[in-house]
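1. Model the structure of this input:
(one chain, ligands or ions: 3)
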Amino acid sequence: MKRAGNLIIGYFYTMNLRLPAFILSLLIIQALSAKAQWDDTDRLKPSFHKGRRDAFRALMPEKSVAIFFANPTRTRSNDVDYQYSQDPNFYYLSGYLEPNAILFIFKDSINLDGNQVNEMIFIQQRNPKREVWTGQRLGVDGVKKNLGFQAVYNGADFKEFGLDFAKFNQILVKYPDAPSNEKDDPADIADLSDQVKEKIHAFEDKVDNGIAFRLLNQLREVKLPEELVLMQKAIDISNVGFIEMMKALNPTMTEYQVQAIVEYHMKKNGSEYPGYGSIAGSGANGCVLHYTFNRKQLADGELLLTDMGAEYHNYTADITRTIPVNGKFSAEQKIIYQLVLDAQNAGIAACIAGNDFRSTHKATTEVVTKGLLNLGIIKSESDYRLYFMHGTSHYLGLDVHDAGTFGPLKVGAVITVEPGIYIPKGSNCDPRWWNIGIRIEDDVLITDTQPRILSGALPREIADIEQLMSK
Ligand code: GLY
Ligand code: MN
Ligand code: MN
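-> Ligands and ions are numbered 1, 2, ... in the order given. Coordinates of the predicted model:
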């Protein structure tokens, strides 16, 4: 985003219209940033984040303080950053979407300027000069008004801020990894993290860097209804992209055009970004588990494996469909596809509250192993791993591989069920199976009765896929 201003100004400079151009470009940038994130009426409410802080506090050890850092910004190249993405724990507990912030949660209230508070947040100071380039910051007043925090300070105030760490029995903190220190910002995340280190230096024996994360794994595993609304929206938006792509698919296209169609519809329907690098692998590339190069020309007779998910208001979908490029599965493709689908159905049937987290993998591997043995593709049971080399499930939510405890499945958890069979060229089996790479992935909510397939509106059956693709 640093670059947007440069591009616009540069464009007008080439037209020899320097001063008016500069003013005009400022107006354009202002207009672009006028629709702030807070105009979205379906974002999580401050009461959600406050409720999560209260739930976290209830689990904190006696007389402890927890300190959370916003994600650092990351340089892509030279003066261009990667799109900023807030740390999911920080977002969950605060709702704050900007970098350079620290959140404190106290088990017991402390006295701050005559007020009893049990949490406080230090945030990015407003800065009109910087805001011309990167858009409006919420600032102290905005955080009070929009996020409902009472004790809000600028990051720059933290250095001199008096907080007596001696009175805590435990300090729960994990420092951000290698944040770069911007010279002209005295309160970026590198400075804030150094300042925290300095302040708690004398209390090293009280520091713990694991407890807070374990508690958040516990909390984030179980989605609240308002989180499920956003997840369903992310999934529905992704489904639109997949359906439009399936209708348009033909062998003249490239992998990146497949990606473009899905991502176009995701973006068009309100998704901010893909939740992870989009995978569109055709033919041999379908056998590369996390293939994201997506540059190959498709070919008649190949399969196409597409694994994509829209992120919507920080929650992501994670869906995979494998489809024939020409709209019709070959005989061999049909056989392996049906086997993966049967395995997936067995995995989904295991999505029952109380079942061990590994029970979906147990169910899918049983089906895959039996099927591969029957087809003569493997000779011994343990060889299923040659062709199904990843797990079946992970939690889904703010992260694509989301936080959770990996214990018994809980009501309200969302997990993926994504078995696959990948038979690269040269595998030790009949060559008619070579270059078949198939994964089918759906997002499943654990309920107190049967599993709910949140992505279930997207066709999975062979006949349904072929019918959709004939349109
Ligand atoms: N899209 C990554 C995964 O399926 O885990
Ligand atoms: Mn997945
Ligand atoms: Mn996936």
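2. Just name the shakiest helix or strand of this protein by mean pLDDT.
-> helix 2-13 (a mean of 33; mean pLDDT, DSSP states H and E).
3. Kindly give the local confidence score, pLDDT, for residue 424.
-> Residue 424 carries a pLDDT score of 97 in this model.
4. burial measure for residue 75, as a count.
-> Burial measure for residue 75: 12 neighbouring residues, criterion other CB atoms under 10 Å. (Glycine included, C-beta is placed from N, CA and C.)
5. Quick check: bridge partners of it?
-> Judged by DSSP bridges, the bridge partners of residue 75 are residue 81.
6. residues from the stretch 351-471 of the chain in reach of ligand 3?
-> residue 441 (CB under 5 Å from the ion).
7. Quick check on the one residue in the stretch 351-471 of the chain that gets nearest to ligand 3: phi, psi?
-> Residue nearest to ligand 3 within the stretch 351-471 of the chain: residue 441 (4.9 Å; CB to the ion). Dihedral pair for residue 441: phi -130, psi 130, per degrees, to the nearest 10.
8. residues in contact with it?
-> 307, 318, 319, 320, 321, 416, 417, 418 (CB atoms under 8 Å, 6 or more residues apart in numbering).
9. Could I get these in a markdown table, plus columns for distance to residue 85, neighbour count and pLDDT?
-> Below are the contacts of residue 441 laid out as a markdown table (distance: CB to CB, whole Å; neighbours: other CB atoms under 10 Å; pLDDT from 0 to 100):
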| residue | distance to residue 85 | neighbour count | pLDDT |
| --- | --- | --- | --- |
| 307 | 19 | 24 | 98 |
| 318 | 16 | 27 | 98 |
| 319 | 20 | 25 | 98 |
| 320 | 22 | 21 | 98 |
| 321 | 26 | 25 | 98 |
| 416 | 20 | 25 | 98 |
| 417 | 26 | 28 | 99 |
| 418 | 23 | 25 | 98 |
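10. Among these, which lie within strands?
-> In this view, the contacts of residue 441 that belong to strands under DSSP state E are 307, 319, 320, 321, 416, 417.
11. Distance to residue 391 added to the residues you listed, as a markdown table?
-> Below are these laid out as a markdown table (distance: CB to CB, whole Å):
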| residue | distance to residue 391 |
| --- | --- |
| 307 | 14 |
| 319 | 17 |
| 320 | 14 |
| 321 | 19 |
| 416 | 9 |
| 417 | 10 |
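12. Keep only those that also lie close to ligand 2.
-> Within the ones in strands among the contacts of residue 441, those near ligand 2 by CB under 5 Å from the ion are residue 416.
13. from the ones in strands among the contacts of residue 441, which single one is nearest ligand 1?
-> Ligand 1 has its nearest neighbour among those in residue 307, at 4.7 Å by CB to the nearest ligand atom.
14. May I have the beta-bridge partners of the closest one?
-> residue 279, residue 320.
15. what separates it from residue 155, distance-wise?
-> 38 Å (CB to CB, to the nearest Å).
16. and what of residue 231?
-> 32 Å.
17. Centre-most residue in the chain?
-> Per CA atoms, centre = their mean, the C-alpha nearest to the average position across the chain is that of residue 399, at 3.4 Å.
18. isn't residue 207 right next to residue 200, touching?
-> Yes. Judged on CB atoms under 8 Å, residue 207 makes contact with residue 200 at a distance of 6.6 Å.
19. what's the overlap in contacts for the two?
-> Common neighbours of residue 207 and residue 200 (CB under 8 Å, 6+ apart) are 171, 173.
20. Near residue 104, how many other residues are there?
-> Other residues close to residue 104 by other CB under 10 Å number 20.
21. Use 299 as the first number from now on
-> Let's use 299 as the start, then, which means that last one is residue 402.
22. Provide a list of residues in contact with the residue lying closest to it once chain neighbours are set aside.
-> Once flanking residues are discounted, residue 402 sits nearest to residue 418: 5.0 Å by CB to CB, 6 or more residues apart in numbering. Neighbouring residues of residue 418 by CB under 8 Å, 6+ apart: 401, 402, 410, 447, 449, 450, 451.
23. Now do the fourth one against residue 482, distance only.
-> It refers to residue 447. 27 Å.
24. Which one's more surrounded, these two?
-> residue 447 (24 against 6).
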